[in-house]
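In: Everything below, folded, please.
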Amino acid sequence: MTPAHPAPTQDFPIASYRLQMRGDMDFAAVEALIPYLRELGISHLYLSPIFTAAPGSTHGYDITDPNQIEPALGGREGFSRLARAAQAAGLAIILDIVPNHLAFVLDNPWLRDVLRHGSDSPYARHFDIDWSGPLYLPMLDATFETKLDGGEVTIASAEDGPVLRVGPLDVPLRPDDTATGYDAATDFAALHDAQHWRLVPWETERDRLAHRRFFNVTSLIGMRVEDGAVFEDMHRLVFELCAAGEVQGLRVDHVDGLADPAAYLDQLAARVGPGIPIWVEKILSGDERIPESWPVAGTTGYEAGRAIARLLTDADGWDQIRADWQAETGEVAPGGDHAYARQMTELKPWILSQELAAELHQLISLAEAALRDVPSQDAGPEALREALEALLVEMPRYRTYFTAGDPRAEDVALWQAVTDRAADRLRTDGVLRWLAEHIATGDSNADHALRVRFQQVAGALIAKSHEDTAGFRHTAYLAANEVGAEPDEPVLDAAGFADHCAERLARQPWGLTLTSSHDTKRSEDARMRLVALSHLPDAFSALRADAAAALPTLPRGEVADQDDGAPLAPNRLWYLVQCAIALWQPDRENLPERLAEHMVKALREAKQITTWPYPDEDAEEPVLALARDLMLRWQTSPPEALTRIVARAESLSLCQLALKCLMPGVPDIYRGCEGTAFSLTDPDNRRPIDFAEMARLPQKTGLAGAKSRLLRELLAERRANPRLFETGRCEIRADSDGFTLIRRSESGSLRLTLYPTAPRDLAVVVETAPEHA
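Out: Now for the predicted structure:
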């Protein structure tokens, strides 16, 4: 089977190198890196979003103006200069674009116009807003009335007109509201009530929102790019950059959040032309495949990184780890094979009621609107809530792709299974089956609105349940708790990996292969430390015992109770020890504090003893104290079990790199990962990179030097014979010592032999053979 979209007219990519813009990385800094990146052997420079973003943004995904390049990065002139330098060096540029949302902040010029002019604004339909009432702004820390009583409300003038100033907020007023005649609290209250918007406390966002959020992030507002005019306005600068030859590829952020991903991609591909490959950030769950009709070069590669980690995981060691985890934590009855899936099913209703309550309220309203066209149905809001919740809970993927056209057979089969499982959850299934039918095939405007919103919320629920909650609660084997991974299925044999490679070669030979990114929960070498636990489960057990021995040294009373609600319950100790193993380096500064900072995030994401909105620092502190103590002790005197795990992980890291470069697809290198990368989830993975040190790595000893040399060797092989890597068939076999991967084409072959249990310098052997070998 060949991809539905013909291969782009560019040469086959050798590799991409992803840089995180902002902070210490502007266009001038990137330009200075070009000689180094060219020498490294890449073909594509992959930049995170470069557009003007919210003040202080550290990542650029909270864009405020999609048609302006961030001045702090160097603006349009700086980017054009970088593009010319890259082209002169033979490097193409991949640009990360964000069509799904903009920042819901008062610095957004389009939003300011909407706040001032309401539904009469030319941008009113750009944003995904329900204009049946005011646009709620959940930006206050108290009620508006409290702010009035405290004397915090005044009228002021801004560059774009009069504003209502409430503390640090300057909110645009209607054009006919002037800065005169309002000098009493009652006047300010009336003025506030007369606007197109309402300022409300941030805590009320669960109850009422008039805009579509990105997941549960209220400060990001959904955009209606399914509208042709909005599509053009959101991409005007992107199209200019592509037409000018300054951008040679696009990466689309969170494609599943769009109303109709397939229609969007068709429109985007038609506008930029076949010479601009498009990659999509798309999480493939289980055996899900990228839709054949999408005109894309491939995904950004979560599924490929998952396959590598699963292949390198030792099956027997995983069985022992799972048994130990169940015995020590009591999380699952002995013999349970689907602990994570069960936890997800139990967790989703809670996420809907807490994190996505506003979205569920919106869905109920949309279902009620669709119901009005069906006189035979008379379901109240509670029946609709129950049915919608059951359908959402049983969705195993980010979404289906139903539109007004003929549905895909895959979606029909999936939806039937979801509907049947959801029906089993209810006492009566009449309303549920009516809803399921109208979501899939309804043809009224109300049905369409329900269908679009349901499919968007389904993805948000998966993300919040999996990546942002269960992944921090289910702690058996964190190597499998990755974006796009399946923690219940952490092992893949050679035959399964061969099937994955064949599928990838057939469907997306240009698909990216990532092992680290700004979104992964652990960087690639940190993850291999965790994979090494499956090879040495007894060493892992010894390190857990070492950590547990430190508990009595903490202030008495902080660890008295070891039940599920206690700060240092066994489940959390498992998480902490694995993170310490992943992050440990003998002489790296600030590791105790970095581990503690990550544990704050982990505890709040798990949402069991503390949360982001309502942090409980007293509950957090015992965990942070143990984290600091454990890392400090291990840096001072590393246990023998830790050194064994580290040594095994070094071999696994080189095996991972070799598979990444030789399997079907295009290796994507995250900044700094040509050397060692031991970091945890963001913001830990956005720390500055010493590129001068990166350039010296080939002369270094240790894992960093070995990785750098191996990467250069493998990228040279890809450059010497790109046809082999684009079309060459892939064979893999396993023996008692490791794996052998062979790529073959009419131009020759390449044999890669991996020995994960051998010392680092013997772990990877690369052999080439001439044509017809």
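In: now the helices for the stretch 451-600 of the chain?
Out: Using DSSP state H, counting those that start in this stretch, the helices of the stretch 451-600 of the chain run over 471-473, 494-507, 524-535, 537-548, 570-583, 591-606.
In: tell me the most buried of these?
Out: Comparing the helices of the stretch 451-600 of the chain on average neighbours per residue, with mean count of other CB atoms under 10 Å, the densest one is helix 524-535 at a mean of 28. Where C-beta positions appear, they are placed from N, C-alpha and C, glycine not excepted.
In: by contact count, what packs against it?
Out: Here helix 524-535 touches helix 302-312, helix 315-329, helix 570-583, helix 640-662, going by 3 or more CB pairs under 8 Å, 6 or more residues apart in numbering; DSSP states H and E.
In: low-scoring stretches of the chain, by residue?
Out: The model of the chain has pLDDT under 70 over residues 1-9, 179-186, 332-337, 376, 552-567, 770-773.
In: Can you verify my assumption that residue 768 contacts residue 752?
Out: No. With contact defined as CB atoms under 8 Å, residue 768 and residue 752 do not form a contacting pair (10.1 Å).
In: if you count what's nearby, which of the two comes out ahead?
Out: residue 752 (22 against 14; other CB atoms under 10 Å).
In: what sits against that one?
Out: 658-659, 662, 740-742, 764-767 (CB atoms under 8 Å, 6 or more residues apart in numbering).
In: which non-adjacent residue is nearest residue 170?
Out: The shortest distance from residue 170 to any non-neighbouring residue, by CB to CB, 6 or more residues apart in numbering, is to residue 163 (4.1 Å).
In: For my notes, confirm that neighbour occurs in a helix.
Out: No. Under DSSP: H, G, I helix; E, B strand; the rest coil, residue 163 sits outside any helix and is assigned strand.
In: quick revisit: same list (the helices and strands packed on helix 524-535) but as CSV, adding distance to residue 98.
Out: Output for the helices and strands packed on helix 524-535, formatted as CSV (distance: least, CB to CB, whole Å):
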stretch, distance to residue 98
helix 302-312, 18
helix 315-329, 37
helix 570-583, 29
helix 640-662, 26
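In: With residue 447 as the reference, name the closest of those helices.
Out: The minimum distance between residue 447 and these falls on helix 302-312, with 32.2 Å, by CB to CB.
In: Quick one: work out the angle between that closest one and helix 524-535.
Out: 40 degrees (axes from the mean of the first three to the mean of the last three CA atoms, to 10 degrees).
In: Show me what helix 302-312 is packed up against.
Out: Here helix 302-312 touches helix 494-507, strand 512-514, helix 524-535, helix 640-662, going by 3+ CB pairs under 8 Å, 6+ apart.
In: ok, and what's touching that helix?
Out: Contacts for helix 302-312 (CB under 8 Å, 6+ apart): 283-284, 479-480, 482-486, 489-494, 496-497, 500, 504, 511-515, 520, 524, 527-528, 531, 652, 655-656, 659-660, 663, 665, 739, 756.
In: do the same with stretch 720-735
Out: 11-12, 14, 493-494, 497-498, 501-502, 505, 509-510, 662-664, 718, 739-750.
In: try it again with 6 Å
Out: Stretch 720-735 is contacted from outside by 12, 494, 497-498, 501, 509, 664, 718, 740-745, 747, using CB atoms under 6 Å, 6 or more residues apart in numbering.
In: wait, what's in contact with the closest residue to residue 700 other than its chain neighbours?
Out: Spatial nearest neighbour of residue 700, excluding adjacent residues (CB to CB, 6+ apart): residue 708 at 7.4 Å. By CB under 6 Å, 6+ apart, the contact set of residue 708 is 674-675, 697-698.
In: possible to save those residues as TSV with distance to residue 686?
Out: Formatted as TSV, the contacts of residue 708 follow (distance: CB to CB, whole Å):
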residue	distance to residue 686
674	17
675	16
697	20
698	25
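In: who wins for most neighbours among those?
Out: Tallying neighbours with other CB under 10 Å puts residue 674 at the head of the contacts of residue 708, with 29 neighbours.
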